[in-house]
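1. sequence first, then the predicted structure:
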Amino acid sequence: MVDLKVSYMGLELKNPVVISSSPLGENIEKIRCLEENGAAAVVLPSFFEEQALQSELSHSLLYEKDGYSKYLDYYYDIVRDKVTPDKYLSFIKEAKSKVNIPIIASLNGISVSGWINTAIDMEGAGADALELNIYFLPTDPEMDGRVIEENYLELVKQITGSVAIPVAVKIHPFLSSIPNMSRKLVTAGANALVFFNRFYQPDINLENMKIEPMLRLSTSEELRTRIRWAAILFSRVDADIAITGGVHTAQDIIKSIMSGARVTMIASVLLERGINCLPSLLEEVEEWLSNHKYESLQEIYGIMSHKTTSQPALWERVNYLKVLDSYRQEK
């Protein structure tokens, strides 16, 4: 029997498959089904700062600009039917009482005032860890990118200083320097970094001349950016790395661990194929490890990272040149 156990932020997990924040964690029966089918932990659907704002009417945002209030009514229209803070906390308590796998609460927002008390309450409700999903889209040309990143760091510092449970920070791939920002986030207190947030882009409906939200599930093609940065940062930051977005197959899971990720987070594949496909994914991981004479998942952890591979330059700019050259040769 191949040992698939991993440690993520100090949480001992039976395997590296964590359910990412998604509708899969929106009710207890689904979470129990996920546990029964082999999920090692569940990240709950995000609690959005605007949901807290709806009840607290807190306007002291880090990024608040003149005229910000004009957007609040729009946000309230979106979140008015979402779960309230009290219901979210009750859900954490119920989940903890009915399943044995770790429950990771998820916070999505942009300000300190919108998160600290909620984070403390989530810890009190029994959450095993927190995942901070920092999503801010700067549209003001006067806003300096350094200020945005400093605000990210202050937010993480305040949250991690307010709770005792481990905190993961889910970032996006558009930071000016992912390695530098990753190291600073860890210094600010992050126990793990989650690569990467998926931004859902709006589209234009040409028939009714309206801007419409657009949701597309991930594909394995998205994995490459994630394993690249996991490989580059493996052993360079004192934090665990999780990969989310693009994990659909057993091969995707294996590649992620080889690149330096502790865990892989999945949702799209289960939404497409059903929760009952999870056992076969885990069986295929075990089969691959066994066929390649590995006794545990730990043996492949980081073996293809920038630090350990015999060709580290392929994770860097030279890979761009090599790919272009190979295309020319094929032509």
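-> Sure, I can see it.
2. let me see the mean pLDDT of stretch 100-113.
-> On average, the pLDDT along stretch 100-113 is 86.
3. brain fart, stretch 253-269
-> Mean predicted lDDT for stretch 253-269 stands at 97.
4. likewise for stretch 236-249?
-> The average of the pLDDT scores along stretch 236-249 is 97.
5. repeat that for stretch 14-34.
-> Rounded mean pLDDT across stretch 14-34 is 96.
6. what are the buried residues along that stretch?
-> Under the neighbour-count criterion of 16 or more other C-beta atoms under 10 Å, stretch 14-34 has 14-22, 24-25, 30-31, 33-34 buried. C-beta here means a position set from N, CA and C on the backbone, and glycine is covered the same way.
7. same thing with stretch 216-233?
-> With burial defined by 16+ other C-beta under 10 Å, the residues of stretch 216-233 counted as buried are 218, 222-223, 226-233.
8. filter the residues you listed down to just the ones in strands.
-> Using DSSP state E, no member of the buried residues of stretch 216-233 falls in strands.
9. strands of the stretch 201-331 of the chain, residue ranges please.
-> 203-205, 210-212, 240-244, 263-266 (DSSP state E, counting those that start in this stretch).
10. check the stretch 51-200 of the chain too.
-> So, for the stretch 51-200 of the chain - with DSSP E, counting those that start in this stretch - the strands run 103-109, 129-134, 167-171, 192-195.
11. need these in TSV with distance to residue 4 and mean neighbour count, can you?
-> Formatted as TSV, the strands of the stretch 51-200 of the chain follow (distance: least, C-beta to C-beta, whole Å; neighbours: other C-beta atoms under 10 Å):
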stretch	distance to residue 4	mean neighbour count
strand 103-109	19	26
strand 129-134	20	24
strand 167-171	20	26
strand 192-195	19	26
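12. can you pull out the residues in contact with stretch 199-217?
-> Stretch 199-217 is touched from outside by 135, 137, 172, 268, 271-272, with contacts defined as C-beta atoms under 8 Å, 6 or more residues apart in numbering.
13. which one's the longest helix in this structure?
-> Longest helix of the chain, by residue count under DSSP state H: helix 145-160.
14. give the buried residues for that one.
-> 148-149, 151-153, 155-160.
15. which intervals of the stretch 201-331 of the chain have sub-threshold pLDDT?
-> Counting by pLDDT under 70, the ranges of the stretch 201-331 of the chain that qualify are 310-331.
16. would a markdown table of the strands of the stretch 201-331 of the chain with distance to residue 181 and mean neighbour count be doable?
-> Formatted as a markdown table, those follow (distance: least, C-beta to C-beta, whole Å; neighbours: other C-beta under 10 Å):
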| stretch | distance to residue 181 | mean neighbour count |
| --- | --- | --- |
| strand 203-205 | 29 | 10 |
| strand 210-212 | 30 | 9 |
| strand 240-244 | 14 | 27 |
| strand 263-266 | 20 | 28 |
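17. coming back round to it: mind putting the strands of the stretch 51-200 of the chain into a markdown table with distance to residue 46?
-> Shown next, in a markdown table, are the strands of the stretch 51-200 of the chain (distance: least, C-beta to C-beta, whole Å):
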| stretch | distance to residue 46 |
| --- | --- |
| strand 103-109 | 4 |
| strand 129-134 | 6 |
| strand 167-171 | 9 |
| strand 192-195 | 12 |
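18. of all these, which lies closest to residue 179?
-> Closest to residue 179 of these, according to C-beta to C-beta: strand 192-195, at 10.8 Å.
19. which residues does that closest one contact?
-> Contacts for strand 192-195 (C-beta under 8 Å, 6+ apart): 8-9, 131, 166-171, 173, 182, 185-186, 225-226, 229-230, 233, 237, 239-245, 261-262, 265.
20. which residue, other than its chain neighbours, is closest to residue 290?
-> Nearest residue to residue 290, sequence neighbours excluded (C-beta to C-beta, 6 or more residues apart in numbering): residue 2, at 5.4 Å.
21. test my guess that that neighbour contacts residue 295.
-> Yes. Taking C-beta atoms under 8 Å as the definition, residue 2 is a contact partner of residue 295 at 6.4 Å.
22. between the two, who's got more neighbours?
-> Counted by other C-beta atoms under 10 Å, residue 2 and residue 295 do not tie: residue 2 has more neighbours, with 14 against 11.
23. which of the buried residues of helix 145-160 lies closest to residue 178?
-> Out of those, the member with the shortest distance to residue 178 (by C-beta to C-beta) is residue 149, at 11.2 Å.
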